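1. got a predicted model here, sequence first, then my questions.
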Amino acid sequence: MKKIFGLIISISTLVIFIGCGDEAKTLEYYKNHLEEAKQKVEMCKKLEHSNETQQLDCSNAKEAILTQRTIKAF
């Protein structure tokens, strides 16, 4: 039982550290990579919970797509 509990704690810690290592991509990045921005927005719709970095990343992707649509409208 102790081994299973230790394994669960180890895996949980690893998952937390892997998720914290990513940095949000900038608005400028997504403006230059619109296909990736579209994929990110779709992924963001599926997230049940997100951390600050993920929220910023999703926001930047959405903003890049909206900016592109506005530019095309003119």
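-> Noted; the coordinates are in hand.
2. tell me the secondary structure for Ser50?
-> Applying DSSP: H, G, I helix; E, B strand; the rest coil to Ser50 yields a three-state assignment of coil.
3. now do the helices in the chain.
-> Assigned helices in the chain, in chain order: 2-20, 27-32, 34-46, 52-73 (criterion: DSSP state H).
4. ok, of those helices, where does mean pLDDT dip lowest?
-> Among those, helix 2-20 carries the lowest mean pLDDT, at a mean of 64.
5. what residue lies at the spatial centre of the chain?
-> Central residue of the chain (CA atoms, centre = their mean): Gln54, 3.8 Å from the mean position.
6. my read: that one touches Cys44, true?
-> Yes: taking CB atoms under 8 Å as the definition, Gln54 is a contact partner of Cys44 at 7.5 Å. Quick note: C-beta positions are derived from backbone N, CA and C, even for glycine.
7. for the closest residue to Lys40 other than its chain neighbours, the count of nearby residues, please.
-> Residue nearest to Lys40 in three dimensions, not counting chain neighbours: Ala61, with 3.9 Å by CB to CB, 6 or more residues apart in numbering. The local packing count at Ala61 equals 27, with neighbours defined by other CB atoms under 10 Å.
8. now do Ala61 against Lys2, distance only.
-> Using CB to CB, to the nearest Å, Ala61 is found at 44 Å from Lys2.
9. for Ile9, same thing?
-> Counting by CB to CB, the separation of Ile9 from Lys2 is 11 Å.
10. quick one, which of the two is more surrounded?
-> More neighbours sit around Ile9 than around the other of Ile9 and Lys2, counting by other CB under 10 Å; the figures are 10 against 6.
11. how about the contacts made by the residue nearest to Lys40?
-> 25, 30, 36-38, 40-41, 44 (CB atoms under 8 Å, 6 or more residues apart in numbering).
12. determine which two of those are furthest apart.
-> Among the contacts of Ala61, the pair separated by the greatest distance (CB to CB) is Lys25 and Lys38, at 13.2 Å.
13. quick one: buried ones out of the contacts of Ala61?
-> 25, 30, 37-38, 40-41, 44 (16 or more other CB atoms under 10 Å).
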